[in-house]
Every structure is written in C-alpha cells, then in structure tokens.
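# I'd like to go over a predicted model; first the sequence, then the structure.
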Amino acid sequence: MRKFYVAASVPLVLAALTVLGFTGSGPAAPSPAAAIEVDPVVWQFDRDYPAEILGDESLPISNVYIKTHDGTDWMSTYDPSPNAVNGPASILALKDKYAERGVEVSAWFVPKGTDFNAQVLMAVQVIDTGVEALYADVEPYQGFCYLDCQALADQFWAKVHELRPNAKLGVIYDPRPWWWAEQALDRWFASSDVALPMCYWEGYVNQDPWDDPAGCVVQAHEDLKILSPGHSLEYAPMLQGDSTPAAVMQAIDAAALLGSTNVSMWRRGVTSNAVWDMIASYQDRQGPNCEQTLADGCLVREAGEAGVFMLQGQTFFGFPSLDSFNEMGGDWRAIQVVPRGFIAGLSNWPVDGTLVRDFDDARVWVIEGGARFHIPDPETFQAMNYDPYKIRIVPRGTVSRLSLSPTDFTRVQEFGSVDQFVVVNGGRMSIDESILIALTNAGRAADPVHVLPPGAFNQIGVAQIRRGDVDCSGEIGAGDVINILAFSASLPQAGLCTHFTGDVDCDGSELTVDGLLILLYLIGQNPVSAEGCLPIGEPQSAPVPTPAPTPSPVPTDVPTSTAAPSDTPVDTDAPTASPPETVAPSDTATPVETATPTVSPLPTATPTISATPAQ
C-alpha cells in the first residue's frame, strides 16, 4: 500500500499539452522548507562523548536530552563522569555549559520502584531547574518499572502533572503493541504532553513494520489514536542513532510529514559523523501530506511494504517496473510512507472528470461514472471545455486497467445529443417516462448526467436484462416480487425495469399473477411461457429508442459527479491491464494541479515495484 510519487517534470507536462495542441508553462520550483530539529540523547557522559564523535559546537543541534536520574538515584550513581547529574545544582551547571554553545537542556529519567513520593520530589526538583522538558522512559522489563508501570503512572506521574501543570512532560515508550498493556501507556499519556516512541528499527528485525525506519514512525503515530484518543500529543519519535544516513533520513522525513517539529537520536555516542552530516544538510521536503490530502502526484508505500504507488484523481496507480518509475523521473525521497490498509481504502478508479493518459501514449481519456472514455481529437477536447493543465500522466500501460463500462445507474449522454440513458448491468437503457419515474422513486432523480465524448456509446452496449429482474439488480429475487406488487397497487417502487421485464406472462400488464409466476420460478418451478414470450430468467435487450419527450435536453455544461463510484467497474475489452494497484494516475501533475510531490523518506534499499496491487 505504498504510495509512489513521481515528481511532475515540465517536459512531460508540455508533451501532454502538445498532443492536444496546447502549450503552457510549468509549475514554479518549490523553495526549501525549514529543517526539523534533531536532538541527541545523552545516557552517560563517559559513553556519549567519545573522541571520534564531533563536539557539540560542530553538530547541528539546539537541544540535548540529559539523563538525570534512575528511580530514586541520581545518575552520578551509575556514571563516573564529573558531568553526571548528582542533584539540582549539577543540572543548573550543565544548563549553563550548554547555553554557552547555544544548546538548551531537556531531562529524561527511568521511573521504577514503589517509592512514589521520593520520585515525585526528584521530578519536581528537575523541573524547577528550568529544563525545557522532562521525559519519563517507561520500560516494562525487569529492573525497570516492570509490574509497577501502571501504579507509577497513577501515583507518581499524575501527581507530578498536578504539582507542575505548566511543565512539559513526555513519555518515551516501546511502540510495539504487545508491550502497550505492560507499560500502561494510556495512563502515562493522560498526564503527558509529548509522545516519544522508540523507533529502533535495527533492533526490531523481522517485526514488520517496526523494522522499517519510516514504517515505525508512521505506525506509532497512527496508534496514538488508540492509545490516547481525544488527547492531542506532540509527536517527537526517538530514532536509532547507530544506523545508516539513508535509514535515518527516511525516519526523519516520515516524522516531518506527520507534522513533527523535532525528533531525537538514541544515542549521541553511537550516532556517526556521517549521520550528523546528513542531518546538518537536511531540509524538509515541501508538499502535501498524501495520507490526508490524496493530492495528485503523491508517491506512497504502506508501512512495512515495498510496493510503490502514485496517487491521481484520488486513486492509486502502481508502477509495473523500476524502469517505469525511472523513466517518469521518479524521486525516491518523494515516497511517503502511509499506514497499512491505506491503499485498500481508496477507490479503484479516479474521481469523475479526471483526465489521464499513459506515459508515452498520446491518447487522452476522461473518467465519468467510474469508466474511461477516449477524447477523440483536440477539437472535441476544446469543445467540451477540458483543461489541458489537468491531464494526469500515469505509468505506461496502466490506463487500460480502468473500466470501459460505467457503474450501474449512472446517467449518461453523448456530447451534442439530447438522448439520455441509464447504465444497467454494464449496458445502456434509454430513459423514458417510466424509468424517469422509477429513478425518482429510488431517490436518484438528482443524480448528475455525465456528458461523454462523441462516440462513447460504442463502448457501452445495450443492456441485457433477465425476464423477471424488475429492479435491474442482475438477479431475480423476492425484491422483484415486491416491486411487481407495488407497481400493480400504484405504489412508489424502485423497480427500474418493471415496465418491460415485469410482464413475465406477456399479457400486456404487470399484475399480481406476474409476481406469483416469479415466486414459482424462485422455488424451481419454471412456469411455461406463452408462445413468443421469453421464459423467466432469459436475457432480453433493453429498449434503446429515442427517448420520449419527458427528459429535457441536458446542456453540455451539466455538472458531473465528483464522488468516486461505489461499484467496481468491469472492463469490457478485457485488457491485459495491470491489477488495480497497477493503475497509475498522471504522474507529472499538470501545471494547474499540485505538481510538487509530497516528499517521503528515502528507502534504505531500492523499493520493490510490483504490478500487483495490495487489496
């Protein structure tokens, strides 16, 4: 369920416009965004200030997390360094030293044991030194809070929050679900302002998506909806320092796109100079949050998955190969990681009105009623007032995946004609007075009429309706009997096909007897039909004469529906198309639309590009 975003290139956009005889300028290049803040974590001074790591004055930092105590013991108990914290006075001295380098100090500690009052006193003393924040490292293992995690949250942490309501409090925690209960995270979050999940992907091997740098960051953020519902928490994940620059960049990108203003690195002493060099030159990518906006051109992949997809028209298009991605100017850093299930939650086709064309294919198609229709020439394109800047270029060969048949009950009309039809069972049926009344009874009188390019009806055959299928559902059932009876009693009913499939005995009227005959059919006793009368269940072509005068001609500017259809279309030409995921929306967004790709983390390894969609 990964989103694969290919940046829109001006040459590709101009190529699309040239095909239709249009020209235009491309979108302006984005300006750099402010970089996210990355804070090093210090555990023990003698371990986290090794000679091989650059000094603070050379690192791109403005805040540092210092461990102040462990349970009821100050850190000097465990850290032999003269800088180790041994009380409030040493914290003040450290703050002064770091201030000389332009660095602020935040404090963190490990809560454990049941001496709640002593720990409350120590936490308050740390806060009163003026540190930027105080973070509790909740570790549900032996030697840490273990079986006392919940008691500590209720009797210690809640008290600290009560005594110092203006202090910035946060929780450092293991984000993997099997540790949630042991940590009593909901209780800790209730008295906190910041969530700091430990995303240590190198240590979470084979624990998908936690072993994915961006996947861990994204999933932990998503899980806050469960762990702390209705409580807005600042999100500042703690990242694995002893990893590669590419992996760390991927995690930072994911955090930045989720709105985080800072992350931390565990730990200062194991984060290489190469990683710090990457952080020093890091700039947030500009662009929309793809998960929230479904912006055209977005590239995504699901947490823990390798497949990459492009979003166009609020649906997804998969890249059939690595070459396909590269030929469209794909930017790996533009790939955003989204939660699992994201792709499955999208429509299988673009929203109505979307203009698409395959990469390196001059043909332009418009989406209406969940189906694609070819725009035959530039003259038609202009006459129908299509915008050349809104053509979406998608990976090679993916347009053919889109259906040629609109979803059922879509109302359609060819440009330049006054005849209107409704799509039933994949075919078209002329809208006459009876059908118009049935549509009204079904609450569909206000459905938009989709104006299609001339010749579009060549790909929509005449509807084939089974005798007795009164509601045009494609099946014969009890609902058809009810519709027959309602029709006979002059009651409102939704039987779209009552007037020509309901008269199953061909006597010229739809009466109770027709309902009884359908009931006999349903229990396996097929009634004998009169000579020349099709048996119940046999298909018959829907009438397609010129409609009666009841429907008024629809102007060419009739609004088209912008809602994605609810039924999966069936492509009548059975293309060798790639599966739903392989459908790629226009990659290089046209000038007027969002042309700037949403930036995502850079994968540690080249993502796998597969034509098989994640359903």
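Done, it's in. Numbers count the residues shown, from 1 in each chain.

# who touches residue 191 in this structure?
The neighbourhood of residue 191, defined by CB atoms under 8 Å, 6 or more residues apart in numbering, consists of 153, 157-158, 160-161, 169. (Glycine included, C-beta is placed from N, CA and C.)

# what residues are up against residue 507?
Listed by CB under 8 Å, 6+ apart, the contact set of residue 507 reads residue 530.

# Doesn't it belong to a helix?
No - the assignment for residue 507, made by DSSP: H, G, I helix; E, B strand; the rest coil, is coil rather than a helix.

# Redo the contacts of residue 191 as a markdown table? Include pLDDT, secondary structure and neighbour count.
Converted to a markdown table, the contacts of residue 191 look like this (pLDDT from 0 to 100; DSSP: H, G, I helix; E, B strand; the rest coil; neighbours: other CB atoms under 10 Å):
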| residue | pLDDT | secondary structure | neighbour count |
| --- | --- | --- | --- |
| 153 | 98 | helix | 25 |
| 157 | 98 | helix | 26 |
| 158 | 98 | helix | 16 |
| 160 | 98 | helix | 24 |
| 161 | 98 | helix | 16 |
| 169 | 98 | strand | 20 |
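
# Give the closest residue to residue 460 in space, chain neighbours not counted.
On the basis of CB to CB, 6 or more residues apart in numbering, the spatially nearest residue to residue 460 that is not a chain neighbour turns out to be residue 428, at 4.9 Å.

# Find the least confident helix or strand in this protein, judged by mean pLDDT.
Taking all helices and strands of the chain together, the one with the lowest average confidence (mean pLDDT, DSSP states H and E) is strand 2-3, at a mean of 28.

# Now the residue nearest to residue 460: which helix or strand?
Secondary-structure element containing residue 428, defined by DSSP states H and E: strand 427-430.

# State the next helix or strand along the chain beyond that strand.
Counting by DSSP H and E, the element after strand 427-430 in chain order, helix or strand, is helix 433-441.

# Same list, the contacts of residue 191, but as CSV with distance to residue 450 please.
Putting these into CSV (distance: CB to CB, whole Å) gives the following:
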residue, distance to residue 450
153, 57
157, 58
158, 58
160, 61
161, 57
169, 55
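
# Return the member of those residues nearest to residue 533.
When the contacts of residue 191 are compared for distance to residue 533, the smallest value, 76.7 Å, is given by residue 153; criterion: CB to CB.

# I figured the closest one was touching residue 173, is that so?
No - with contacts counted by CB atoms under 8 Å, residue 153 stays clear of residue 173, the gap being 11.1 Å.

# Common neighbours of the two, please.
In the contact map built from CB under 8 Å, 6+ apart, the residues linked to both residue 153 and residue 173 are 138, 188.

# Going along the chain, name the helices of the stretch 351-500 of the chain.
In the stretch 351-500 of the chain, the segments counted as helices under DSSP state H, counting those that start in this stretch are 378-383, 433-441, 478-488, 498-501.

# returning to that earlier point: residues of the strand holding residue 428 that come out buried?
Along strand 427-430, the positions that meet the burial threshold by neighbour count (16 or more other CB atoms under 10 Å) are 427-430.

# Equivalent analysis for stretch 133-149, please.
Residues 133-140, 144-145, 148-149 are the ones in stretch 133-149 that count as buried (16+ other CB under 10 Å).

# Inside helices: which ones of those?
When the buried residues of stretch 133-149 are checked against helices (DSSP state H), the matches are residue 149.

# Can you tell me which of the buried residues of stretch 133-149 end up in strands?
Residues from the buried residues of stretch 133-149 lying in strands, with DSSP state E as the criterion: 134-137.

# and the spatially closest residue to residue 174 that is not a sequence neighbour, which of the three is it?
Beyond its immediate neighbours in the sequence, the residue positioned closest to residue 174 (CB to CB, 6+ apart) is residue 198, lying 5.8 Å away. Following three-state DSSP, the label given to residue 198 is strand.

# Count the neighbours of residue 198 for me.
As a burial measure, the neighbour count of residue 198 was computed by other CB atoms under 10 Å and equals 22.

# what residues does the longest helix along the chain touch?
Of all the segments assigned as helix in the chain under DSSP H, the longest by residue count is helix 213-227. Contacts with helix 213-227, where a contact means CB under 8 Å, 6+ apart, come from 175, 177, 180, 185-186, 189, 195, 197, 199, 201, 204, 208-210, 233, 235, 237, 239-240, 243, 247-248, 250-251, 253-255, 258, 303-304, 337-340, 600-601, 604.

# Please produce a PyMOL select command covering the buried subset of these.
PyMOL command restricting these to the buried ones, with burial defined by 16+ other CB under 10 Å:
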select buried, resi 175+180+185+186+189+195+197+199+201+204+209+210+233+235+237+239+240+243+247+248+250+251+253+254+255+258+303+304+337+338+339+340+600+601+604
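
# name the helices or strands packed onto whichever strand or helix holds residue 40?
Using DSSP H and E, the secondary-structure element containing residue 40 is strand 37-42. Applying 3 or more CB pairs under 8 Å, 6 or more residues apart in numbering; DSSP states H and E, we find strand 37-42 packed against helix 45-48, strand 63-70, strand 262-266.

# residues making contact with the first one?
In this case it means helix 45-48. Residues from elsewhere that reach helix 45-48, judged by CB under 8 Å, 6+ apart: 40-42, 79-81, 83-84, 267-269.

# contacting residues around the most centrally placed residue in the chain?
For the chain, the residue lying nearest the average C-alpha position, counting by CA atoms, centre = their mean, turns out to be residue 291 (3.6 Å). When the contact criterion is CB under 8 Å, 6+ apart, the partners of residue 291 are 300, 336, 338-339, 342.
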